[in-house]
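1. Sequence and predicted structure are below.
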Amino acid sequence: MTRELLKGNVAMAEAAIRAGVDAYFGYPITPQSELLEWMSKRMPEEGRAFLQAESEVAAINMVYGAACTGARVMTSTSGPGISLMAEGISYIAGTEVPAVIVDVMRGGPGLGNIAPSQGDYRQVIHGAGHGDFFPLVLAPASVQEAVDLISEAFDLAEKYRTVVFVVADGSIGQMMEPVTLPPMRERKRARPEWAVGGAKGRAPRRLTSLYLKPEVEERVNLRILRRWREAEAHEVRYRGYHLDDAAYVVIGFGTAGRVALSAVRAARSEGIRVGLFRPVSLRPFPTQAIRQLASQAKAFLVVEMNGGQMLEDVQAAAQGQVPIRFYGRMGGMVPFPDEVLAEIKALAAAPPSPADDPRGRWLAQMAQA
Amino acid sequence: MTVSAPSKPRRKLKLVYQKPEALTDKATHYCPGCTHGVAHRLVAEVIDEMGIRERAIGIAPVGCAVLAYDYFELDGVEAAHGRAPAMATGIKRVLPDSVVFTYQGDGDLASIGMAEIMHAAARGERITVIFINNAIYGMTGGQMAPTTLPQQVTTSSPRGRDVVTQGYPIRMAEILATLDGVAYSVRRSMHDPANIRKAKKAIRLAFEAQVRGLGFAMVELLSTCPTNWRMSPIEAMHWVRDHMVPAYPLGDYKVDAALKKLRV
Amino acid sequence: MQTEILIAGFGGQGVLFAGQVLAYAAMDAGHEVTWFPSYGPEMRGGTANCTVIIADEEIGSPLVAHPQILMALNAPSLDRFEPQVKPGGLIVANASLLQREVQRSDVQTLSLRANHVAESLGDRRMANMVMLGALLARWHGLTLAQVKAALKAHLPARKQHLLEANYQALEAGAAQIEELKKN
């Protein structure tokens, strides 16, 4: 297989095209704009729909409309755009139609900045819109992984009839790495049995997220939840590095995860038995795998490019079995491996007590820095 | 009570009324004197007459017509408040041969959905928009709409709309007519049979604009809300005639040359 | 084994492109590679930099605190990044735009007037390739031949007419270093 050197944003766009995306609707926002630009060039070449919408609000509702026809459809944005899309995401989830959303995260809150961040974790994993639903959320740590996850995202969205997020951060969007792109998949021709497209020779179909009777809405909610439980049972993804004999486990996703990999290797070379656990699916979260590690390891170190948003999920998974230390950089700062290495050394030298408040300890440490 | 078998008709019956195929059997939930039912019927008749029911997709708004998809015998979706034109765009771009229409009220189209309608129009999306302007928010209980008239009392302008603090009504047919992507932008009323006939013709042209690929088309229909206006159905019809028509002049604001030639 | 190369200069000096050429060559040579740019407002007119990480295993951090190699194409880049170079590392400095010498004594230094060399070849914009040629004469992670092949393979069709000029600039940069060795 030949490798190509591609920028993350471009690679994700081309991967979506190879995966047979029928339509893309988006709005420019740094650091994801190259994705939109690539689509603006390639989609018409392939005879598919591309449209730069007037806002993220419009973009997600265009996605919603196209999704109702059973088309493969996606958008991409960054945190401020996700905020605006929250409405449409909830409608898509409530209507049980599939869509793929790429979030190339940047520093926030508010306008923030365009530097790499993981500040949208809580918004995407625990929020993403009003009401009872869970999106699937996949977090690549390299350009190749971003390509692979984009390809999967469409299948997962259709399988579970829900929103699938691929959350990258600015660095993955902007960096170039060699990738092997998947072959061009044939676009699916048959539309699913629920899709609208004109009631020719059949009864009309109606797609809505409106269920005025609470008992009916409850049934829909239960159906969505059951589908989610299926996803939870089958779609957990993670990667482990040097975990076999690890006394200490670093947990980080995306860019924070790969920064931690450098630190773990450096610590290993100094004789510290440390491994890395990198969640790839953030929803469903690899709770069981982390719980298992918690029963074996002496201590965890959670590393994020936010103030400990995933930390809370790790704590819930660990159930107090293991002391946890936290290290985060915020506002668009990316930790260097040296920082994480220092944290690993500190963890090995003096594991925190299970009663410690990891975020409080970290905040105190940041105040001194 | 006993029911006797119908006696043989003395003379041959003539069919003078038939429900359009594009309407379902479901009774609407609209209030007495509300013109939503009239507008639905006109849209359905046009769809029947053009033979486009099997490729039509209707988009319901948030507002009193939120269940409109239940009343049309065709594929339908329900949009978020104001976003119907964006949703229509998404559908039309992947199914260009379908006939896509939105059905939106004044709060939906001219307030929360202003950006979506303007840009769909500016892009010349091949969609048909049925815009129901009754100068009030019906579903939420009679609050002020962007099209509420100056001095008009609503539940959120209890002393009458004060233009100094609450601004002026918006005339959408005129605004959209300024955009190059628009093939058809007109205003009609439904307050009497003559105007209803004109409204139907306009709806026909708005669908013709789409199937002929001429561009974006909108029909603004002056409508009633007797419940929230606190009027009887007759009073409401008269209020449209006496107060709304002067504020929202009926007429053609933009008609593509190809439509002008059309005899419908 | 991992090598990190930080290339920095003014926007317009071809800093990002020089990094990409290295990244392409590394990829074609079968290595893992990450090219990471500074991005955003600073890329418009101001300073630009990129990091190229070449390794033979999955690359960890895309950001590098202490690169082994710094290619400084202008004075602000040297000021900013000289202190960060890993001890024992290498600084390739564009003397054409520097008002001072490299001060670190715990790194190797290659200093050449890249703009001057590029101008003598007829195109000042080739200074980035002159610098790259100089780097390849000292650092042997990739060969000049590999970099040339990468240029040929990946330069877009509309830029292929510049191939020969790029080759010349690379060679001229390398020649500068060979000359230094002789002296």
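-> Received it, and whenever you're ready, just let me know what you need. Since we're looking at a predicted model, the values are computed, not measured.
2. Go ahead and confirm B:G82 touches B:G105.
-> No - in this structure, B:G82 is not within contact of B:G105 by Cβ atoms under 8 Å, at 9.8 Å. (Glycine included, C-beta is placed from N, CA and C.)
3. Could you check which of those two is surrounded by more residues?
-> Neighbours were counted for B:G82 and for B:G105 using other Cβ atoms under 10 Å in any protein chain shown; B:G105 has more, 31 against 27.
4. All the helices of the stretch 101-250 of chain A, in order from the start?
-> Per DSSP state H, counting those that start in this stretch, the stretch 101-250 of chain A carries helices over the ranges A:121, A:143-160, A:170-174, A:214-234.
5. most packed of those?
-> helix A:170-174 (a mean of 29; mean count of other Cβ atoms under 10 Å in any protein chain shown).
6. is chain C contacted by that one?
-> Yes - among the residues of helix A:170-174, A:G170, A:S171, A:Q174 lie within reach of chain C under Cβ under 8 Å from any Cβ of the partner chain.
7. Identify whichever of the helices of the stretch 101-250 of chain A lies nearest to C:A165.
-> Evaluated with Cβ to Cβ, the helices of the stretch 101-250 of chain A place helix A:170-174 nearest to C:A165, the distance being 28.6 Å.
8. Now do the closest one: which elements does it pack against?
-> Here helix A:170-174 touches helix A:8-18, strand A:99-105, helix A:254-269, strand C:32-37, going by 3 or more Cβ pairs under 8 Å, 6 or more residues apart in numbering or on different chains; DSSP states H and E.
9. Give me the helices and strands touching the second one, please.
-> Meaning strand A:99-105. Other elements packing on strand A:99-105 under the criterion 3+ Cβ pairs under 8 Å, 6+ apart are helix A:8-18, helix A:56-68, strand A:73-77, helix A:79-95, helix A:143-160, strand A:163-169, helix A:170-174.
10. In CSV: the helices of the stretch 101-250 of chain A, plus distance to B:A217 and mean pLDDT.
-> Below are the helices of the stretch 101-250 of chain A laid out as CSV (distance: least, Cβ to Cβ, whole Å; pLDDT from 0 to 100):
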stretch, distance to B:A217, mean pLDDT
helix A:121, 44, 97
helix A:143-160, 33, 97
helix A:170-174, 40, 95
helix A:214-234, 35, 97
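11. In CSV, list the ones you listed along with distance to A:E87.
-> Listed next are the helices of the stretch 101-250 of chain A as CSV, based on distance: least, Cβ to Cβ, whole Å:
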stretch, distance to A:E87
helix A:121, 20
helix A:143-160, 19
helix A:170-174, 24
helix A:214-234, 17
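12. wait, isn't B:M172 in contact with B:A121?
-> No - between B:M172 and B:A121 there is no contact under Cβ under 8 Å: 9.5 Å.
13. what sits against the residue in chain C that chain A sits nearest to?
-> Chain C approaches chain A most closely through C:G60 (3.1 Å), counting by Cβ to the nearest Cβ. If you count contacts by Cβ atoms under 8 Å, 6 or more residues apart in numbering or on different chains, C:G60 has them with A:R258, A:V259, A:A260, A:L261, A:S262, A:A263, A:R265, A:P337.
14. and the residue of the stretch 101-250 of chain B found nearest chain C, what helix or strand is that in?
-> The nearest approach of the stretch 101-250 of chain B to chain C comes at B:A115, 27.0 Å away (Cβ to the nearest Cβ). Using DSSP states H and E, B:A115 sits within helix B:114-122.
15. And the contacts of the helix or strand harbouring B:R41?
-> Assessed by DSSP H and E, B:R41 sits inside helix B:36-50. Here helix B:36-50 makes contact (Cβ under 8 Å, 6+ apart) with B:20-23, B:28, B:30, B:53, B:56, B:64-65, B:68, B:71-74, B:99, B:101, B:103, B:130, B:132, B:190, B:196, B:199-200, B:203-204, B:207-208, B:211, B:221, B:223.
16. Now which of these would you call buried?
-> B:20, B:22-23, B:28, B:30, B:53, B:56, B:64-65, B:68, B:71-74, B:99, B:101, B:103, B:130, B:132, B:190, B:196, B:199-200, B:203-204, B:207-208, B:221, B:223 (16 or more other Cβ atoms under 10 Å in any protein chain shown).
17. Please work out which residue of chain A is closest to chain C.
-> Proximity of chain A to chain C (Cβ to the nearest Cβ) peaks at A:S262, 3.1 Å away.
18. Quick check: mean pLDDT of stretch C:110-120?
-> What stretch C:110-120 shows for mean pLDDT is 96.
19. buried sites along that stretch?
-> Residues of stretch C:110-120 classed as buried by neighbour count (16+ other Cβ under 10 Å): C:L110, C:S111, C:L112, C:R113, C:A114, C:N115, C:H116, C:V117, C:A118, C:E119.
20. One more: stretch C:162-175?
-> Residues of stretch C:162-175 classed as buried under the neighbour-count rule (16+ other Cβ under 10 Å) are C:L162, C:A165, C:N166, C:Y167, C:Q168, C:A169, C:L170, C:E171, C:A172, C:G173, C:A174, C:A175.
21. Sketch out the low-pLDDT regions of chain C for me.
-> Residue ranges of chain C with pLDDT under 70: C:40-46, C:183.
22. again, 90 this time
-> C:1, C:11-12, C:38-47, C:177-183 (pLDDT under 90).
23. Tell me where it has helices.
-> C:15-28, C:75-81, C:114-120, C:127-138, C:144-154, C:163-182 (DSSP state H).
24. Would you mark the buried spots in the fourth one?
-> Just to be clear, that refers to helix C:127-138. Buried residues in helix C:127-138, defined by neighbour count with 16+ other Cβ under 10 Å: C:A127, C:N128, C:M129, C:V130, C:M131, C:L132, C:G133, C:A134, C:L135, C:L136, C:A137.
25. so who does the last one touch?
-> Contacts of C:A137 were listed using Cβ under 8 Å, 6+ apart, and they are C:L144, C:G173, C:A174, C:A175, C:Q176, C:I177, C:E178.
26. Out of the residues you listed, which two sit at the greatest distance?
-> Greatest spacing in these, by Cβ to Cβ: C:L144 and C:Q176 (13.0 Å).
27. Need the overlap of contacts for the two.
-> Common neighbours of C:L144 and C:Q176 (Cβ under 8 Å, 6+ apart) are C:G133, C:A137.
28. neighbour count winner among the two?
-> Neighbour totals were compared for C:L144 and C:Q176, and C:Q176 leads with 21 against 18 (other Cβ under 10 Å).
29. Could you find the closest non-adjacent residue to that one?
-> Once flanking residues are discounted, C:Q176 sits nearest to C:L112: 4.6 Å by Cβ to Cβ, 6 or more residues apart in numbering or on different chains.
30. how near is the closest residue to C:V102 other than its chain neighbours to C:N94?
-> When the adjacent residues along the chain are set aside, C:V102 lies closest to C:T109, with 4.4 Å between them (Cβ to Cβ, 6+ apart). Distance, C:T109 to C:N94, using Cβ to Cβ, to the nearest Å: 12 Å.
31. Tell me which of the two has more neighbours.
-> C:N94 (28 against 17).
32. count of residues packed around the nearest residue to B:Y69 once chain neighbours are set aside?
-> Closest residue to B:Y69 apart from its sequence neighbours, by Cβ to Cβ, 6+ apart: B:G76 at 2.9 Å. The number of residues packed around B:G76, counting by other Cβ under 10 Å, is 26.
33. for B:G76, which residues make a bridge with it?
-> Listed beta-bridge partners, B:G76: A:R206, B:G58 (assigned using DSSP bridges).
34. In contact with it, which residues?
-> For B:G76, the contacting residues are A:196, A:204-208, B:57-60, B:68-70, by Cβ under 8 Å, 6+ apart.
35. Swap in 10 Å and give it another go.
-> By Cβ atoms under 10 Å, 6 or more residues apart in numbering or on different chains, the contact list for B:G76 reads A:68, A:196, A:199, A:204-208, B:56-60, B:67-70, B:101, B:103.
36. same deal with A:G127?
-> A:G127 makes contact with A:I82, A:S83, A:A86, A:I89, A:S90, A:D120, A:Y121, A:P135 under the criterion Cβ under 10 Å, 6+ apart.
37. Quick check: the residue nearest to C:V102 touching C:Q103?
-> Yes - at 9.5 Å, C:T109 counts as touching C:Q103 under the criterion of Cβ atoms under 10 Å.
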